[in-house]
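**Student:** Predicted model follows, preceded by the sequence.
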Amino acid sequence: MSHDFLDSAKKQFAYYKQLGDKTFAQLTNEQLFWQYHPKSNSIGIIVKHLWGNMLSRWTNFLTEDGEKESRDREAEFDSTITTREELLEKWNEGWQCLFNALEPLTDKDLEKVIYIRNMGHTVAEAIKRQLAHYPYHVGQIVLIGTMLAGDQWQSLSIPRGQSAEYNKEKFTHEKHREHFTDEVLNKDQPK
C-alpha cells in the first residue's frame, strides 16, 4: 500500500507539472505576466511562489524544517520574473527539487516526522499537504491560461462535447488497474 502511495504521489505531481507545461506552451510571453489588477497574481507570480515553496519544502526534506530561514515568502508575490526563460527555469528548478526529494524515499520513510514551521507532519502527511497546495495553484495557472487563450485554447483534458466518445472508447477495454495519470502522462508517447 505505501509503495503505491509513493508511486501515486510522484505521478500526481508529474501530472500537475505537465498541466502547467502545456498551459505555458499555449500562451505568449506577455500573457504569462498579465494581471487582472495590480493585486492579483499573474502566472509568473504564481510560478515564483511555487518555486519558493518547493525549494523551501523539499530541500533537505527529511532533516530540516520545511520553512527555511532563507525563504522570503512575501517577495514571491512581487512581479520580478520578466521572461519566459526565467519563468521556465524557476518552474523546472522547483519541480526538480521536489522530484529529487521524493525519489530516494521508501515505505519506511512515510511515518517519519518532519517539520514545517515547527509543526510535525509524517512524511505521508507532508506529501499530501503539497498534493493539495500545488494543484490549487496549477488550477489558477490553467484558468488564467484558458481566459487569455480564448478560442485558441487546446483542452488539457476531455474536450467539451467529447465526453460520450471518450467514455465509449474506455468501456471497450477490459477492467484494469491503472492510475489515471499513467494514461495522461503517456498519452503523447508513441505506442
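**Tutor:** Alright, I've got the coordinates. Numbering: from 1, shown residues only.

**Student:** quick one: which helix or strand includes the residue found closest to Leu131 once you drop the neighbours it is linked to in the chain?
**Tutor:** What sits nearest to Leu131 in space, not counting adjacent residues and going by C-beta to C-beta, 6 or more residues apart in numbering, is Gln12, at 5.7 Å. Where C-beta positions appear, they are placed from N, C-alpha and C, glycine not excepted. Per DSSP states H and E: Gln12 is located in helix 2-24.

**Student:** what does Ile45 give?
**Tutor:** In the assignment (DSSP H and E), Ile45 maps to helix 43-58.

**Student:** got a list of contacts for the next helix or strand along the chain from that helix?
**Tutor:** Next helix or strand after helix 43-58 toward the C-terminus (DSSP H and E): helix 84-102. Residues outside helix 84-102 that contact it (C-beta atoms under 8 Å, 6 or more residues apart in numbering): 6, 9-10, 13-14, 17, 20-21, 24, 29, 32, 43-44, 47-48, 50-55, 57-59, 61, 81, 127, 130.

**Student:** if we can go back for a sec, angle of the helix holding Ile45 against helix 2-24?
**Tutor:** Here helix 43-58 runs at an angle of 160 degrees relative to helix 2-24 (axes from the mean of the first three to the mean of the last three C-alpha atoms, to 10 degrees).

**Student:** In PDB, could you pull the C-alpha coordinates for helix 43-58?
**Tutor:** Only the C-alpha atoms of helix 43-58 are listed here, as PDB (Å, rounded to 0.1, in the frame of the first residue of the first chain):
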ATOM      1  CA  ILE A  43       1.100  33.200 -14.000                       C
ATOM      2  CA  GLY A  44       4.700  34.500 -13.400                       C
ATOM      3  CA  ILE A  45       3.900  35.400  -9.800                       C
ATOM      4  CA  ILE A  46       2.200  32.000  -9.200                       C
ATOM      5  CA  VAL A  47       5.300  30.200 -10.600                       C
ATOM      6  CA  LYS A  48       7.600  32.300  -8.400                       C
ATOM      7  CA  HIS A  49       5.500  31.400  -5.300                       C
ATOM      8  CA  LEU A  50       5.500  27.700  -6.200                       C
ATOM      9  CA  TRP A  51       9.300  27.800  -6.800                       C
ATOM     10  CA  GLY A  52       9.900  29.400  -3.500                       C
ATOM     11  CA  ASN A  53       7.700  27.000  -1.700                       C
ATOM     12  CA  MET A  54       9.200  23.900  -3.400                       C
ATOM     13  CA  LEU A  55      12.800  24.900  -2.700                       C
ATOM     14  CA  SER A  56      11.900  25.600   1.000                       C
ATOM     15  CA  ARG A  57       9.800  22.400   1.500                       C
ATOM     16  CA  TRP A  58      11.800  19.900  -0.400                       C
END
